[in-house]
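In: quick one, what's the 3D model for this:
(4 chains)
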Number of protein chains: 2
Amino acid sequence: MKNNNQVSIPVIKRLPRYHRYLEELKNMGVVRISSKELSQRMGLTASQIRQDLNCFGGFGQQGYGYNIEQLYNEIGLILGINKKSKAIMIGAGNLGHAIATHLHFENRGFDLVGIFDNNPQVVGTEIGGKTVLNSTDLEDFCKTEKPVVAILCIPAEYAAENADKLVSLGIKGFWNFTQYDLMSRYDDIAVENVHLGDSLMTLCYQINKSSDNNEV
Amino acid sequence: MKNNNQVSIPVIKRLPRYHRYLEELKNMGVVRISSKELSQRMGLTASQIRQDLNCFGGFGQQGYGYNIEQLYNEIGLILGINKKSKAIMIGAGNLGHAIATHLHFENRGFDLVGIFDNNPQVVGTEIGGKTVLNSTDLEDFCKTEKPVVAILCIPAEYAAENADKLVSLGIKGFWNFTQYDLMSRYDDIAVENVHLGDSLMTLCYQINKSSDNNEV
DNA sequence: ATACCTTTGTTAAAAATATAAACAAGTTTT
DNA sequence: AAAACTTGTTTATATTTTTAACAAAGGTAT
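Out: Numbers count the residues shown, from 1 in each chain, chains lettered A, B, ... in the order given. Below you'll find the predicted structure:
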């Protein structure tokens, strides 16, 4: 394996996509693939694929290409989806409910061990076979279960205080669905933002942009 | 206003974030702000902010800075959130339900005019005051309502066929929540992907990466 | 077995993006 | 009126990302 010293974020962000394509190929029964053919399928350059993979090691063979199952497994190892880190969800409203049931955490390196809410109407209900716990039990829960990731599905105005508390309880990473900008608030905490509102507005720009162009 | 010819994607993606910060400042009653102070709040350089804004025009004033409300409105205009493009949602499962109720489409340039599903148990139910329609009515609906954006909240295996059909019905952009890679399938169709699974795996990498480092 | 083809890993070049510095011109403050 | 700010803009620099190129090695075919 090559030197890990700082693989760039864009490379990391492409790994899950490689993983998806390889899974599909694997399920189709394809055994091997060249960077050239994969690049055509994915709309990238072969060069970029080879360079991305070489950040982690040489998984291919000259004249042959890549063994799909092996590469698929290697990327899984790089991403660490075999580790099954414990995750908790904070906020079980519409969005939290959907995220908890829709994502396959177990296939992506996580085990959702607790769902918390402070709404009495929600506490005690079941989501995906798990009973929603009261936020007042969060501290005790974290001390015994020691989750490492928190999924924030709460209103933006509560994000900061919740995050601070969770960090003090040992949380090392956030999957942040709030509009609040968690990044740069902590130093050694991983933050993955899902700013749905921003995404929608970006689409809005693209739509109106293209219609502007048509007018001209 | 400056020349629009190809503002880079990174700049566009930063606009919603500027918009958010300005909204917050506006709500706090702050009237003006300098690029320097905004840069400190947002964790950017003043230079980058001035350069980003100057892709679209000069909204500030020497010695004064930017009028927050004006800049907020200008960015809104650039993004086109005043246009209220018609959007439809395809798939009203857990995720679709949450997206439909959680996002404030009206504040982000869209009007959600129809929600479709092919599950008889879901068709006819109400989501956010709107009755879920049967997918068989999609064609007629599009011919009369002429929506421009479709929000895909369906299983990945149905994404391609649905997208093709929607494009033939006049859809010009997708907000894609499926794992299927819609991009590069069409030429003049805007696609904004929200690959939640990819995002989760990226977080997985970050978490395991940092723990690896701690071990060393 | 030999020659040819394919494809990698890697290096080098190019392009894009971000950062920083600098400054005239206009605004506010004192 | 002078001093202190701050923008819009230009220029330069650094960093990051992408693309191109190619020797070396394995595969394939005859």
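In: which parts of chain A sit against DNA strand D?
Out: A:8-11, A:44-45, A:47-48, A:50-51, A:61-64 (C-beta under 7 Å from any atom of the strand). Bear in mind the C-beta positions are built from the backbone N, C-alpha and C, glycine included.
In: those residues also near DNA strand C: which ones?
Out: Answer for these near DNA strand C (C-beta under 7 Å from any atom of the strand): A:47, A:50, A:51, A:61, A:62, A:63, A:64.
In: any of those buried? List them.
Out: Neighbour-count burial (16 or more other C-beta atoms under 10 Å in any protein chain shown) applied to these gives residue A:50.
In: go through the ones next to DNA strand C among the residues of chain A next to DNA strand D and flag which are in strands.
Out: Assigned to strands by DSSP state E, the following of these qualify: residue A:61.
In: which element is the residue lying closest to residue A:22 once chain neighbours are set aside on?
Out: Nearest residue to residue A:22, sequence neighbours excluded (C-beta to C-beta, 6 or more residues apart in numbering or on different chains): residue A:72, at 4.1 Å. Using DSSP states H and E, residue A:72 maps to helix A:68-79.
In: now that helix: average pLDDT?
Out: The average pLDDT within helix A:68-79 is 95.
In: and the top strand by length along chain A with chain B, contact?
Out: Criterion DSSP E: the longest strand present in chain A is strand A:110-117. Yes. Applying C-beta under 8 Å from any C-beta of the partner chain, one finds strand A:110-117 touching chain B at residue A:110.
In: strands paired with the helix or strand following that strand, and their directions?
Out: Next helix or strand after strand A:110-117 toward the C-terminus (DSSP H and E): strand A:126-127. Using DSSP bridges, strand A:126-127 pairs in its sheet with strand A:130-131 (antiparallel).
In: identify the residues contacting the partner strand?
Out: Strand A:130-131 is contacted from outside by A:100, A:112, A:114, A:115, A:124, A:125, using C-beta atoms under 8 Å, 6 or more residues apart in numbering or on different chains.
In: by neighbours, which of these wins?
Out: residue A:115 (27 neighbours; other C-beta atoms under 10 Å in any protein chain shown).
In: before we move on, back to that, return the set of buried residues in the helix holding residue A:72.
Out: By 16+ other C-beta under 10 Å, the buried positions in helix A:68-79 come out as A:68, A:71, A:72, A:73, A:74, A:75, A:76, A:78, A:79.
In: what is that helix packed up against?
Out: helix A:9-27, helix B:196-215 (3 or more C-beta pairs under 8 Å, 6 or more residues apart in numbering or on different chains; DSSP states H and E).
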